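> Predicted model and sequence below, questions to follow.
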Amino acid sequence: MKITDVTCHILQAKVDQPFTSARGWLYTTRASCLVEIATDAGITGWGECYGPAAVNKAIIETQYRGRVIGRDPFDVEVVWEDLYNRIKDYGLSGMTITALSGIDIALWDIIGRAVGRPIHKLIGGAHRTEVQAYATGLYFIDLDNLVGEAVEEAREYAEQGFRAIKMKIGLGDPKLDLARVKAVREAIGPDVKLAVDANHCFTVPQAIRLGRMLEPLDILWFEEPISPEDHDGYVEVSRALDMAVAGGENDFTRWGFRDVIARKAMDIVQPDVCAAGGISECRKIAALASAHGVECVPHAWGSAIGLAATVQFLAALPDTPPAFRPISPMLEFEQTPNPLRDDLAREPIRQHGGIVRVPDGPGLGIEVDRDVLQRYRVA
């Protein structure tokens, strides 16, 4: 079997209710770059790239496509190394790796479809057939009702059966952040886990100060408290707080995570399969984390393709640490409106009572609805 074509689809959907986070970027659309790889056996695989869709498309079409066509998709890690070495002089991280991630995911999808097995069976097997999902939401929408809107949204997730929620913080006033988180904790009660995500908006002293204020609220983890480049700062924050510190969604490849993990700069690393190098590379990142006693809980943000890839990866992740009653890695199931996530697959991945079943169909385990693809396709 040989690869005959690589096609990038840019999809875009308007957001009915714009939202923002501590970064201050107003989300008015959701967009994705999907990678479709065709073979001479009539098997097609799908992948997704994290980040600006048009940039990913340009990188794939100008740097990668010609090197992929004619290859055997079963040589998935051979292809990965070839493409990485092609851009090593100027693309050790960032968009070149997110573009590579989409290709890698699509190749694993092809392999799974060719042998009739889901991806998780090809990368080690199923540690679990279902995963606990946590709801990511509670962005900033109504700036005049920041506490009230968060409480209402959190209650909705708890009523839907989610047993864990992640909310946004980083309002510029630690007292307002504290009031908002405290109100949500009181609304959902002590039995629903609650994580906070600052989108790297704090300095080290600010993060430590706010973290100590939040510790009595039984926070599951403090995500991206400071800038992702500041590994020394992460060490300081992690050592100062009696709560787990998480990060890594903006890191790339095993080399980008190597020192973070070896130094235990974070208690939880969060590689994104659509960003950090695809399934091939995230397996290596997870192995590094396991060897150092660091938890791996993948980040997820994107379409049905990225969600399915994350679920497949999670199914094959061992518990860290193993235990009689382990705390298994959870699935980030972001809840902002996104038809690219909810409608693109013929049988969308859904949560029921906070639990998501791992698809057992071949490859990613989902089928792309081409009518929906065309509806949102802009390039």
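Thanks, I have it.

> CA only for contacts and neighbour counts going forward, please
Will do.

> What average pLDDT does the strand or helix carrying residue 58 get?
Using DSSP states H and E, residue 58 maps to helix 53-59. For helix 53-59, mean pLDDT is 98.

> Name the residues of that helix that are buried.
53, 54, 55, 56, 57, 59 (16 or more other CA atoms under 10 Å).

> packing partners for it?
strand 3-19, strand 27-39, helix 95-115 (3 or more CA pairs under 8 Å, 6 or more residues apart in numbering; DSSP states H and E).

> Pull the distance from stretch 45-55 to the chain's centre.
13 Å (CA atoms, centre = their mean, to the nearest Å).

> quick one: the strands in the stretch 51-200 of the chain?
Secondary structure of the stretch 51-200 of the chain (DSSP state E, counting those that start in this stretch): strands located at 130-137, 164-168, 193-197.

> Quick one, which of those strands gets closest to residue 323.
Nearest to residue 323 among the strands of the stretch 51-200 of the chain is strand 130-137; the distance by CA to CA comes to 16.8 Å.

> need the helices for this protein, in chain order.
53-59, 65-68, 76-87, 95-115, 119-122, 146-160, 174-188, 204-214, 231-240, 253-262, 278-291, 304-315, 339-342, 370-376 (DSSP state H).

> Now do the phi/psi pair for the residue most central in space within the chain.
By CA atoms, centre = their mean, the mean C-alpha position of the chain lies nearest to residue 300, the distance being 1.9 Å. Dihedral pair for residue 300: phi -150, psi 130, per degrees, to the nearest 10.

> now do residue 248
Torsion angles, degrees, to the nearest 10, at residue 248: phi 120, psi 0.

> So it is in contact with residue 267, correct?
No. Look at residue 248 against residue 267 with CA atoms under 8 Å: they stay out of range, at 10.7 Å.

> Can you give me the neighbour number for the residue lying closest to residue 202 once chain neighbours are set aside?
Leaving aside its sequence neighbours, residue 202 sits nearest to residue 226 (CA to CA, 6 or more residues apart in numbering; 5.0 Å). By the measure other CA atoms under 10 Å, the count of residues near residue 226 is 23.

> what residues are up against residue 226?
198, 199, 200, 201, 202, 203, 204, 207, 233, 234 (CA atoms under 8 Å, 6 or more residues apart in numbering).

> pLDDT value on residue 121, please?
For residue 121, pLDDT reads 98.

> What's the local residue count around the closest residue in space to it that isn't next to it in sequence?
Using CA to CA, 6+ apart and skipping residues adjacent in sequence, the residue nearest residue 121 is residue 316, 7.7 Å away. Neighbourhood size, residue 316 [other CA under 10 Å]: 20.

> and what of residue 82?
The tally of other residues near residue 82 (other CA under 10 Å) stands at 15.

> ok, it to residue 37 distance?
Distance, residue 82 to residue 37, by CA to CA, to the nearest Å: 17 Å.

> wait, isn't residue 95 in contact with residue 53?
No. The pair residue 95 and residue 53 fails to qualify as a contact (CA under 8 Å) at a distance of 9.8 Å.

> domains for this structure, by residue range?
Listed domain ranges for the chain are 3-116, 121-357 (source: automatic domain parsing).

> Just send the ones you listed back as a markdown table, with distance to residue 371 too.
What follows is the domains of the chain, written out as a markdown table (distance: least, CA to CA, whole Å):
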| stretch | distance to residue 371 |
| --- | --- |
| domain 3-116 | 12 |
| domain 121-357 | 9 |
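
> quick one on the thing from earlier: and the helices of the chain: which comes nearest residue 43?
Between the helices of the chain, helix 95-115 lies closest to residue 43; by CA to CA that is 6.4 Å.

> Could you report the separation of residue 341 from residue 351?
13 Å.

> Give me the more crowded residue out of those two.
residue 341 (23 against 18).

> shouldn't the more buried one be in contact with residue 304?
Yes. Residue 341 sits in contact with residue 304 when judged by CA under 8 Å, with a separation of 4.2 Å.

> which residues are in contact with both of those two?
Common neighbours of residue 341 and residue 304 (criterion: CA under 8 Å, 6+ apart): residue 348.

> rewinding a little: between the buried residues of helix 53-59, which is closest to residue 331?
residue 53 (23.5 Å).

> what sits against the closest one?
10, 31, 32, 33 are the contacts of residue 53 under CA under 8 Å, 6+ apart.

> so how far is residue 306 from the residue nearest to the first one when sequence neighbours are not counted?
Counting by CA to CA, 6+ apart, residue 33 is the residue found nearest to residue 10 once chain neighbours are left out, at 4.6 Å. Remark: distance between residue 33 and residue 306 (CA to CA) = 10 Å.

> Fine, thanks again, bye for now.
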